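J.: just need the structure, nothing else, for what follows:
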Amino acid sequence: MRFSPQLEQGRLLVRYKRFLADIETDSGELLTIHCPNTGSMLNCMMPGGRVWFSRSNDPKRKLPGTWEISETPQGRLACINTGRANTLVEEALRAGVISELTGFTALKREVAYGQEKSRVDFRLEYPDGYLYLEVKSVTLGFDGSSVAAFPDAVTQRGARHLRELATLAREGVRAVLLYCVNLTGVDAVRPAQEIDPAYAAALREAVDAGVQILAYGAQLTSEEIFIDRRLQVLGLD
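T.: Numbering: from 1, shown residues only. Below is the predicted model of the structure:
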């Protein structure tokens, strides 16, 4: 996926009220832009750090742009716009990049399912039945490590999705959780036990129930982003 229009660069001043960020562009313009990320963005919002944003020409929008990419203290790039993950995964699915999930005959997004009234990111149809696929965007990295982690904040919603997938798996329905790692310099991902032990426990329970766990990494620049490789998943036992 190429960013269109081309992203603009600036420096982060502050993120506040979760969905707002003040930045200074390279030309000295001060802007308040939308922050499309509900997590803590741990390691992704260093004051004074480089950011890239997409500018909107829609006069009906209250904010002039959307924060897309951060440079981390380690010099990595992280796509903090969590809404991009599903688009990237759909592109990869249709292109056959995710080898474990090829051969489907139809794809639907945002399908209601489960006892807890969740919505799964993708439902893939195969000749022998449906596959339910949940996607999580990963941006949390650490100094001196090529292993990313999820989540970056406590996520009851994420644990609920795992329970729903586990229920499907126990019923004989194929259920998959895919970590879309939108952080450069990473070759593996693990549950962030130190941040959300309940999520880590729910993940291991889902694995025991038969949920398949996958991780794929994205190639990321300020011009484009695309999924290009499978990553190792650690900490499942």
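
J.: dig out what residue 33 forms beta bridges with.
T.: residue 21 (DSSP bridges).

J.: leaving out chain neighbours, which residue sits closest to the most centrally placed residue in the chain?
T.: Geometric centre of the chain, nearest residue: residue 137, 1.2 Å, by CA atoms, centre = their mean. Nearest non-adjacent residue to residue 137, counting by CB to CB, 6 or more residues apart in numbering: residue 85, 3.8 Å away. From N, CA and C alone the C-beta is placed, and that goes for glycine too.

J.: could you measure from that neighbour over to residue 42?
T.: Separation of residue 85 from residue 42 (CB to CB, to the nearest Å) stands at 17 Å.

J.: looking at those two, which one has more neighbours?
T.: residue 85 (24 against 17; other CB atoms under 10 Å).

J.: quick check: buried residues in whichever strand or helix holds residue 202?
T.: Using DSSP states H and E, residue 202 maps to helix 197-209. Neighbour counts using 16 or more other CB atoms under 10 Å place 199, 200, 202, 203, 204, 206, 207, 209 of helix 197-209 among the buried residues.

J.: surely the last one and residue 169 touch.
T.: Going back to what we said before, that points to residue 209. Yes. At 4.6 Å, residue 209 counts as touching residue 169 under the criterion of CB atoms under 8 Å.

J.: related to what we said a few turns ago, can you tell me the SS state at the residue nearest to residue 137?
T.: The three-state assignment at residue 85 reads helix, by DSSP: H, G, I helix; E, B strand; the rest coil.

J.: mind pulling up the pLDDT for it?
T.: At residue 85, the model reports a pLDDT of 98.

J.: so who does it touch?
T.: By CB atoms under 8 Å, 6 or more residues apart in numbering, the residues touching residue 85 are 135, 136, 137, 180, 182.

J.: repeat that for 6 Å
T.: With contacts defined as CB atoms under 6 Å, 6 or more residues apart in numbering, residue 85 is in contact with 135, 137, 180.

J.: how far away is the last one from residue 60?
T.: In this structure, residue 180 lies at 30 Å from residue 60, with CB to CB as the measure.

J.: if we can go back for a sec, and the helix holding residue 202, how far from the chain's centre?
T.: Helix 197-209 sits 19 Å away from the centroid of its parent chain (CA atoms, centre = their mean, to the nearest Å).

J.: against which helices or strands is that helix packed?
T.: With contacts defined as 3 or more CB pairs under 6 Å, 6 or more residues apart in numbering; DSSP states H and E, helix 197-209 has these neighbours: helix 156-170.

J.: and the helix it packs on, what other elements does it pack with?
T.: On a contact count with 3+ CB pairs under 6 Å, 6+ apart, helix 156-170 meets strand 174-181, helix 197-209.

J.: ok, 8 Å please
T.: Judged by 3 or more CB pairs under 8 Å, 6 or more residues apart in numbering; DSSP states H and E, helix 156-170 is in contact with strand 118-126, strand 129-138, strand 174-181, helix 197-209.

J.: nearest to residue 162, of the ones you listed?
T.: Residue 162 lies closest to helix 197-209 among the helices and strands packed on helix 156-170, at 4.3 Å (CB to CB).

J.: so the closest one versus strand 174-181, what angle?
T.: Interaxial angle of helix 197-209 relative to strand 174-181 (axes from the mean of the first three to the mean of the last three CA atoms, to 10 degrees): 140 degrees.

J.: in the next helix-or-strand element following helix 197-209, what's buried?
T.: Per DSSP H and E, the first helix or strand lying C-terminal to helix 197-209 is strand 212-220. Neighbour-count burial for strand 212-220 flags 212, 213, 214, 215, 216, 217, 218, 220 (criterion: 16+ other CB under 10 Å).
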